[in-house]
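**Q** Next input, structure requested:
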Amino acid sequence: MRLWIDILTPKQVNFFAPLIRRLSQRGKKPLVTTRQYREVNELMEIRKISALKVGEHGGGILKTKLISSAERIKRLAVLLSSQKCDIALSFSSPEAARVAYGLSIPHYCISDSPHAEAASRLTIPLSKMLFTPKAVPMDAWRNYGIDEDRIVRYNALDPIVWLRGFRPNPKILDELGLDDSLPIITIRPEEIQASYLLRYSSDKPLSALVARALRQELPHSQVVLIPRYDLAPSTKKLVGRSIVVADHAIDATSLLHYSHVFLGGGGTMTTEAALLGIPSVSFYPASPTYVERYLTRLRLITRIGDLERIVKYVIRILGDEAQKETLKAASRRIRSKMEDPMAVIEKHLR
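**A** Prediction:
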């Protein structure tokens, strides 16, 4: 059996890395594809994953998204026609699902994001099976044309795959010029080029405004902003020189370990920080996702969408050692009860 894995985002690099490594060690090296997307390509180099680049990211305009996807489908169809793959696996990759369906390769889909309506409509109906966290209710998937007996739920959130056994690398501090004796505040913007967030796009994103306000209010703190896409140059101009802006892919999990507070736009790093017990704020602009609701119920994240309130929260939490210890203990307890999503997936693939 040969597996085809299509990787589109940084989260997927981290999620699939252990599986790719295990299969390669067993002499069953999978076919791994990706697209031209700086952050993903650089992270693959860090994780030592070899992949074929097919097509490119479509950006933040619907027309270019459609054209890029169509071109990528064509190129993947040619590639997969020359390969002998028995199973396709992706995180709701529209191109992987369409090509697998067209070439009669069973497609197995992983997703914790029913709010990503466009990707879900284009992948889930074409998938043999859907793997999803139990934090996402079954009702969330019914409108996407998949029977309940083809949905497998695991008692975990996706980042647990790479957080189990995680050891922080202190080199990240030198790489970004940080001092671990001073507060580190890490900020990750929302995914503004995702189809479900296009209408929230702004020339002055909240993440940049928050970074500047915190630097002013907490002059002895270190504010680190990890931009998405290729927005590092414009982000640097927006926030100024006193804020550290990562202009290349980094070991973000290690940075989170050394962070005192995390502020995120609701993506994977928000979940990751919460599971590490880092005081975390989500400023995701749309209605809260199911994963975000789950983490809020567990009191591992706080949802705040207002600049002034975010700044007040950070100032308060930096001086509240008891609260930080409570979060650490709660996150350890919750992590210990989670199963391994990849073990569940591998069982069904076999």
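**Q** switch to C-alpha atoms for all contacts and neighbour counts from now on
**A** OK.
**Q** Give me the residue ranges of the stretch 201-350 of the chain where confidence is low.
**A** 201-203, 231-232 (pLDDT under 70).
**Q** For the residue of the chain positioned farthest from its centre, grab phi and psi.
**A** Taking C-alpha atoms, centre = their mean, the residue of the chain most remote from its mean C-alpha position is residue 82, at 31.0 Å. When quoted as degrees, to the nearest 10, the phi and psi of residue 82 stand at phi -100, psi 0.
**Q** for the helix or strand hosting residue 346, the distance to its chain's centre please.
**A** Counting by DSSP states H and E, the element that carries residue 346 is helix 341-349. With C-alpha atoms, centre = their mean, to the nearest Å as the basis, helix 341-349 stands 20 Å off its chain's centre.
**Q** hey, where'd the helices end up in the stretch 151-300 of the chain?
**A** 160-163, 171-176, 206-217, 232-239, 252-258, 268-275, 290-297 (DSSP state H, counting those that start in this stretch).
**Q** and the angle from the third one to helix 232-239?
**A** Regarding helix 206-217 and helix 232-239, their directions subtend 50 degrees when assessed with axes from the mean of the first three to the mean of the last three C-alpha atoms, to 10 degrees.
**Q** which other residues reach helix 206-217?
**A** 187-189, 221-225, 235, 238-240, 242-243, 264-265, 307, 310-311 (C-alpha atoms under 8 Å, 6 or more residues apart in numbering).
**Q** In it, which residues are buried?
**A** For helix 206-217, a neighbour-count test (16 or more other C-alpha atoms under 10 Å) marks 206, 207, 208, 210, 211, 212, 213, 214, 215 as buried.
**Q** quick check, distance from it to the centre of its chain.
**A** Between the centre of helix 206-217 and the centre of its chain there are 23 Å (C-alpha atoms, centre = their mean).
**Q** who's in contact with the closest residue to residue 272 other than its chain neighbours?
**A** Nearest residue to residue 272, sequence neighbours excluded (C-alpha to C-alpha, 6 or more residues apart in numbering): residue 159, at 5.8 Å. Residues near residue 159 by C-alpha under 8 Å, 6+ apart: 15, 268, 271, 272.
**Q** phi, psi of the spatially closest residue to the third one that is not a sequence neighbour?
**A** Yep, that's residue 271 we're talking about. Once flanking residues are discounted, residue 271 sits nearest to residue 159: 7.2 Å by C-alpha to C-alpha, 6+ apart. The phi and psi values for residue 159, taken as degrees, to the nearest 10, are phi -60, psi -10.
**Q** now do residue 35
**A** With angles defined as degrees, to the nearest 10, residue 35 sits at phi -140, psi 170.
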